[in-house]
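> Need a 3D model of the sequence below.
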Amino acid sequence: RQRGAVTLLGSRAHSSRPTHSLTSTHALEQARGSGKALLKTMETNTVSQDGGQAKDTSASTATGEEGGDAKTGTISGPEPLPENPKLQRLSKEVFTKLGDYMNAEISASTHEYQLLGKLNLVVANRYKDMQEKAAKLNVFLRDLDDKYKKIEPHLKQINTLHDNVARLEDVVSKLDRYTKNLEQQFKQVYK
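Here you go, the predicted model:
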């Protein structure tokens, strides 16, 4: 049955709705079977009405004639078929199964659009959550920036103080060396 679905649906075999396609395929198979039976019955009725010879409708169809009078050149509609209960039953069955097939296809499309709508709602909710998080993050970053601006003068003072301490350490180091030299000179003088 799966292979039949692939054959009948052709390019739609890889569709994302396998359950609906199988139902539609089954309805199509039934409709085709009924249609073949209907055509066979119509051919049988035509042959029996003409006394064992089938009508050649291909020539009249090709020229566009539909059963008019050849002498007067008038065109009339096709001759009505005699009422045949079997033919009517098969016709009704064909149309019912074609209707079922079409309903299955429409139902499948409807389900796909409903699913697409639900997916869109889920994505919209996720984007809304992301937007709220981004807004909170933006507020946090603004607060952080404001706090940094408030402590920036103090940080500059700390940097200035650090530079002064480094200079002071340099001066202390030079003073230490000078005092050591001076101490050595005193030791040499008082020896």
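> Report the rounded mean pLDDT for stretch 123-131.
Stretch 123-131 carries an average pLDDT of 96.
> can you check stretch 152-164 too?
94.
> From here on, call the first residue 290.
From this message on, residue numbering opens at 290, which makes the last subject stretch 441-453.
> What residues sit buried inside it?
Neighbour counts over stretch 441-453 (16 or more other Cβ atoms under 10 Å) mark no residue as buried. For every residue, glycine as well, the C-beta is placed using N, CA and C.
> in the protein, which spans are helices?
291-298, 307-338, 346-352, 374-478 (DSSP state H).
> Averaging pLDDT over each of those, report the lowest-scoring one.
helix 291-298 (a mean of 38).
> Counting neighbours, what do you get for residue 387?
Counted with other Cβ atoms under 10 Å, the neighbours of residue 387 add up to 17.
> cool, residue 376 as well?
17.
> swap in residue 383?
Taking other Cβ under 10 Å as the criterion, the count of residues near residue 383 is 20.
> Check the one 10 residues further on too.
Using other Cβ under 10 Å, residue 393 is surrounded by 21 other residues.
> Tell me how far it lies from residue 383.
16 Å (Cβ to Cβ, to the nearest Å).
> One more: residue 466?
115 Å.
> got it, and residue 471?
Residue 471 is 124 Å from residue 383, by Cβ to Cβ.
> And for residue 447?
Going from residue 447 to residue 383 by Cβ to Cβ gives 92 Å.
> ok, now residue 440?
85 Å.
> Residue 459 now?
Distance from residue 459 to residue 383, by Cβ to Cβ: 106 Å.
> ditto for residue 392
15 Å.
> Ok, residue 478 next?
Taken as Cβ to Cβ, the span from residue 478 to residue 383 is 133 Å.
> Please apply the same query to residue 473.
Here the criterion is Cβ to Cβ. By it, residue 473 lies 124 Å from residue 383.
> Same question for residue 444.
87 Å.
> Same question for residue 465.
For residue 465, the distance to residue 383 - Cβ to Cβ - is 113 Å.
> check contacts around residue 465.
Listed by Cβ atoms under 8 Å, 6 or more residues apart in numbering, residue 465 has no contact partners.
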